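[1] what follows is a predicted structure for the sequence shown.
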Amino acid sequence: MKTFKKVLFLFVFAAALVSCSNDDDSGDSGNSGTNGGGESFSAKIDGADFAASTDPATLIGATMSTNNGTTLLTAQGSTNNGDFINFTIMNYNGTGTYTTGDDLSNPNLIQYGELNGTTANVWASNLATAAVGGLQAGQINVTAQDENGAEGTFSFEGYNAADMSTKMITEGQFKVSFDN
């Protein structure tokens, strides 16, 4: 079990690093269409409000890229104290609902993290957490997307392998502009 926890932690940590964004724009990139009203990233973490920072800088970012015919959508929102929610959708195919943490072969992930000094506690829903069993799968629903950005909703039950705790993330909403 210790080996499983270590592998799960390393996977979650690596995924967080890959999908992080250092977007520090003003929050309204001037895009028309999907993201003309600025960016936002919010949720309830075990009932408590989470909202990504838009002051003094917008700590919200997203990318959509295609490599060898596979499209990847990533997005993240962070608070000024370093807490974050991010997700990665592999084989992204436009608007629709994408599941995380339901199967060992599903590479989609979503996670919530709290910065604690120089370390982070992370609660994830991904292919590794599918092996834990009994966890509610995550849902990322992309309701709109154009060349400028995407928006939608999400919810998931996150699992922290370090202490085997869970957190319920509900009422998640995102509106992101794609970084160039």
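    That came through fine.

[2] measure Gly101 to Ala144 for me?
    Distance, Gly101 to Ala144, using C-beta to C-beta, to the nearest Å: 24 Å. For the C-beta atoms, the positions are set from N, CA and C on the backbone; glycine is no exception.

[3] list the contacts of Ala75.
    Ala75 is in contact with 19, 21, 41, 60-62, 86-87, 150, 174, 176, counting by C-beta atoms under 8 Å, 6 or more residues apart in numbering.

[4] quick revisit: between Gly101 and Ala144, who's got more neighbours?
    Ranked by neighbour count (other C-beta atoms under 10 Å), Gly101 and Ala144 place Gly101 first, with 27 against 13.

[5] pretty sure the more buried one sits against Leu127.
    Yes: in this structure Gly101 lies within contact range of Leu127 using C-beta atoms under 8 Å: 7.5 Å.

[6] ok, which stretches of this protein are strands?
    Ranges of strands in the chain, per DSSP state E, are 40-45, 48-51, 60-67, 70-78, 84-89, 96-100, 109-116, 119-125, 138-145, 149-160, 165-177.

[7] which of those strands is buried the deepest?
    Ranked by mean neighbour count, the strands of the chain are led by strand 84-89 with a mean of 25 (mean count of other C-beta atoms under 10 Å).

[8] which other helices and strands does that one contact?
    With contacts defined as 3 or more C-beta pairs under 8 Å, 6 or more residues apart in numbering; DSSP states H and E, strand 84-89 has these neighbours: helix 2-19, strand 70-78, strand 109-116, strand 138-145.

[9] which among the contacts of Ala75 gets closest to Tyr112?
    Checking the contacts of Ala75 against Tyr112 with C-beta to C-beta, the nearest one is Asn86 at 8.6 Å.

[10] any idea how far Leu59 is from Gly94?
    For Leu59 relative to Gly94 (C-beta to C-beta), the value is 26 Å.

[11] the more surrounded of these two?
    Comparing Leu59 with Gly94 by other C-beta under 10 Å, the one with more neighbours is Leu59, at 23 against 9.
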